[in-house]
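Visitor: Quick one, fold the following:
(one chain, ligands or ions: 2)
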Amino acid sequence: MRPRLALVPGEPAGIGPELVVRAAQHDWEAQLVIHGDAASLHRAAGALRLPIALHRSGEMPTSSRSLELVEIPHPVAAAFGQPEPANAASVIESMTRAAQACLDGTCDGLVTGPVHKAAINQGGIAFTGTTGLLASLASCQVVMMLANPGMRVALQTVHIPLRAVADAITADALSSTLRIVDTALRHQFGIAAPVIAVLGLNPHAGENGHLGREELDIIEPALEHMRSEGLSLVGPLPADTAFLPGKLRGFDAVLAMYHDQGLPVLKHADFANAVNITLGLPYPRVAVDHGTALDLAGKGVADPSSLFAAIRTCTQFARHRMHA
Ligand SMILES: NC(=O)C1=CN([C@@H]2O[C@H](COP(=O)(O)OP(=O)(O)OC[C@H]3O[C@@H](n4cnc5c(N)ncnc54)[C@H](O)[C@@H]3O)[C@@H](O)[C@H]2O)C=CC1
Ligand SMILES: NCC(=O)COP(=O)(O)O
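Guide: Ligands and ions are numbered 1, 2, ... in the order given. Below is the predicted model:
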């Protein structure tokens, strides 16, 4: 049986709707169930001069490529490149309804397009990212991991100010993250004995305490504790050399201490084919690695590779879970 994946286009003024239109031109090994606004999809299809056929859940499809739609209309038709804060609530509702479909088993996995965090906050909804929203809807702890064909990078802290990062790195937080990453590598990715590299926080991983003490006081003791639980951990490693190709080959994942310690490396290496995976949820969620690209919206030049990789990766995870 083909898994049913809830697919959310995301911010209507960005490239999300047109990437969904591009996805609609292909056959997939999953059934895509769009949770979003029909008008933005038709408008994106018009801009790209591509067809899109949609049918509401329960209706008969009119063509073999017609996609099922759970309609969540946006109140304002935002111009390409100009997010409307008035659409914040419907953007969040589309994510929430899709997540609920995965929680109640109507869908087997979730694929999301990019959302504009500032527009959502301007719309009066405090929001630091979809990952946090999904964690709170599922009442569980999660970890953000980005992956491309060459590397997997998990994040210890995500969307917080750099000033707050050091205080957020605690032994408990590290242990929880490492358990989630190790479990996901084993059960979601099928790696029997995963090796996780853990980066230090400070330059040169603290240089024996002379450039910062977080490695000695917090990270090393936490790694020792997790090794005693059976995890295979390397580190804390100096971040500047941990991604050298010869080193990276020995790791199944790298845990970075903060967003911009790990993601620039991964996005530089292969932006097009990277995806954002939420580990720890009771269902698979895979998102594009890029943002709303407001500068490209409606022009037909945005690269759909990350969305396609997200659909393929989520299909794989959903299949694996259905068989398990
Ligand atoms: N998955 C998500 O929901 C994500 C959302 N964002 C949000 O997106 C908004 C804009 O973020 P930015 O930092 O500007 O990052 P961005 O990824 O939207 O854009 C960065 C650069 O990459 C280009 N780009 C992005 N996607 C592309 C694609 N598919 N094909 C070709 N070029 C592409 C853009 O044109 C721009 O030059 C922010 O609100 C941010 O929070 C950012 C990353 C992920
Ligand atoms: N940098 C990743 C990003 O912004 C996407 O976050 P989320 O909305 O998937 O939590």
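Visitor: where does Arg319 land in three-state SS?
Guide: helix (DSSP: H, G, I helix; E, B strand; the rest coil).
Visitor: low-scoring pLDDT stretches of the stretch 101-250 of the chain, where are they?
Guide: Under the criterion pLDDT under 70, no range of the stretch 101-250 of the chain is flagged.
Visitor: The closest residue to ligand 2 within it - how many residues pack around it?
Guide: Using C-beta to the nearest ligand atom, the single residue of the stretch 101-250 of the chain nearest to ligand 2 is Gly129, 2.7 Å away. All C-beta spots, glycine's among them, are computed from the backbone N, C-alpha and C. Residues lying near Gly129 (other C-beta atoms under 10 Å) number 17.
Visitor: Could you do the one 3 residues further on as well?
Guide: Look at Gly132: counted by other C-beta under 10 Å, it has 15 neighbours.
Visitor: doesn't it fall inside a helix?
Guide: Yes. The assignment for Gly132 (three-state DSSP) places it in a helix.
Visitor: residue contacts, it?
Guide: By C-beta atoms under 8 Å, 6 or more residues apart in numbering, the contact list for Gly132 reads 158-159.
Visitor: hmm, 10 Å instead?
Guide: Under the criterion of C-beta atoms under 10 Å, 6 or more residues apart in numbering, the neighbours of Gly132 are 142, 144, 158-159, 278.
Visitor: Buried subset of these, written for ChimeraX?
Guide: The following ChimeraX line selects those of those that are buried, judged by 16 or more other C-beta atoms under 10 Å:
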select :142,144,158,278
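Visitor: so of the contacts of Gly132, which ones are in strands?
Guide: Under the assignment DSSP state E, the contacts of Gly132 contribute 144, 278 to strands.
Visitor: Just put the contacts of Gly132 in TSV and tack on distance to Ser57.
Guide: Below are the contacts of Gly132 laid out as TSV (distance: C-beta to C-beta, whole Å):
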residue	distance to Ser57
Val142	28
Met144	30
Val158	33
His159	33
Thr278	25
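Visitor: give the contact list for His35.
Guide: 6-9, 68-72, 93-101, 107, 110, 112.
Visitor: can you do 6 Å?
Guide: Taking C-beta atoms under 6 Å, 6 or more residues apart in numbering, we find His35 in contact with 6, 8, 70, 94, 97-98.
Visitor: For Asn148, state which of those is nearest.
Guide: Nearest to Asn148 out of the contacts of His35 is Val8 (C-beta to C-beta; 21.6 Å).
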